[in-house]
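Asks: pasting the structure only:
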């Protein structure tokens with residue numbers, strides 16, 4: 001499936017679920033001194049989450065241009081060393097501003113991946129925050145995910161913050177299994193996600209419940225949802241390739257570089 005079709009399917013799916021399609025915000029955030037670049041789809045909705053502004057539509061869907069080259073979310077040192085990290089990328093996101101919460105967010109994500117995109121459920125694993133038994137139960141009881149495919153993680157992996165300050169909350173992540181041949185040698189049957197070569201996070205569902213300020217953490221007025229699915233990672237899964245650079249998102253550019261440089265992609269000389 002081509003990347004442009006994945007974008008289209010994502011927008012159409014959430015529009016059908018009463019989400020308003022909102023354009024990507026500029027890469028340089030407007031009126032937000034806490035960020036140099038937009039690093040997530042939720043940046044432009046920050047005031048909706050904190051209650052400082054009222055959203056005209058309680059549900060939104062976006063395809064956000066992002067840069068992660070410093071600050072809280074810095075991928076710069078990983079670029080070129082992994083199959084999945086980029087400084088610039090596109091983030092598919094659906095949002096609830098005090099409307100739906102965990103049950104609906106989890107259901108829609110699972111339905112989109114396993115039905116709309118027809119990804120094999122056996123290729124997907126789930127993480128939840130170590131304190132979030134509610135999310136774990138929803139994945140298991142509502143969506144039928146076996147408990148041995150749901151893993152509890154701590155704050156480092158499953159508590160999302162946009163930056164030093166701002167909205168934050170526990171999250172649940174969806175990982176795609178690229179197969180045993182891509183193992184980095186750290187596979188553990190009791191905790192397979194140690195194998196970061198084989199298993200790649202493709203979607204993060206953040207349950208916005210708190211706001212981090214210089215004075216500490218406080219509860220938000222209304223629990224909300226912020227999700228982000230990396231288009232490049234999702235496209236790799238859908239096109240049956242491991243390296244994001246082997247998808248149609250990059251191959252057109254790479255072929256032009258090959259012509260100019262007279263070098264073949266992957267040539268180490």
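Replies: On my side now, so go ahead. Fair warning: this is a prediction, and the values are worked out from it, not measured in the lab.

Asks: now the strands for this protein?
Replies: Taking DSSP state E to define them, one finds strands in the chain at 20-21, 59-67, 88-96, 124-129, 150-153, 159-161, 166-177, 199-213, 216-230.

Asks: The shortest one pairs with which strands?
Replies: When you say that, I think you mean strand 20-21. strand 59-67 (parallel) (DSSP bridges).

Asks: where does residue 267 land on pLDDT?
Replies: If you check residue 267, the pLDDT there is 69.

Asks: Distance of residue 89 relative to residue 234?
Replies: Using Cβ to Cβ, to the nearest Å, one gets 11 Å for the distance from residue 89 to residue 234. Where you see a C-beta, it was placed from the backbone N, CA and C, and this is true even at glycine.

Asks: List the residues that contact residue 247.
Replies: Contacts for residue 247 were tallied using Cβ atoms under 8 Å, 6 or more residues apart in numbering; they are 3, 232, 235, 236, 239, 241.

Asks: got the residues you listed as CSV, with pLDDT, neighbour count and distance to residue 161 columns?
Replies: CSV is the format used below for the contacts of residue 247 (pLDDT from 0 to 100; neighbours: other Cβ atoms under 10 Å; distance: Cβ to Cβ, whole Å):
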residue, pLDDT, neighbour count, distance to residue 161
3, 97, 19, 29
232, 97, 22, 23
235, 98, 25, 27
236, 97, 26, 27
239, 97, 17, 32
241, 97, 16, 32
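
Asks: Off-centre distance for stretch 253-269?
Replies: Here stretch 253-269 shows a centroid-to-chain-centroid distance of 30 Å under the convention Cα atoms, centre = their mean, to the nearest Å.

Asks: Show me what that stretch is in contact with.
Replies: residue 245.

Asks: That one: which residues count as buried?
Replies: Within stretch 253-269, not a single residue qualifies as buried, counting by 16 or more other Cβ atoms under 10 Å.

Asks: show me where pLDDT drops low in the stretch 151-269 of the chain?
Replies: For the stretch 151-269 of the chain, residues meeting the criterion pLDDT under 70 lie at 162-163, 267-269.

Asks: Surely residue 14 is in contact with residue 61?
Replies: Yes: proximity of residue 14 to residue 61 meets the contact threshold set by Cβ atoms under 8 Å, at 3.8 Å.

Asks: Common neighbours of those two, please.
Replies: Common contacts of residue 14 and residue 61 (Cβ under 8 Å, 6+ apart): residue 94.

Asks: and residue 82, which of the strands of the chain is closest to it?
Replies: Among the strands of the chain, the nearest to residue 82 by Cβ to Cβ is strand 199-213 (9.0 Å).

Asks: want to throw the strands of the chain into CSV with mean neighbour count and distance to residue 51?
Replies: As requested, those are exported to CSV (neighbours: other Cβ atoms under 10 Å; distance: least, Cβ to Cβ, whole Å):
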stretch, mean neighbour count, distance to residue 51
strand 20-21, 14, 19
strand 59-67, 22, 16
strand 88-96, 24, 14
strand 124-129, 22, 23
strand 150-153, 18, 28
strand 159-161, 20, 18
strand 166-177, 23, 10
strand 199-213, 22, 9
strand 216-230, 19, 4
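
Asks: Select, out of the ones you listed, the one closest to residue 141.
Replies: strand 150-153 (11.1 Å).
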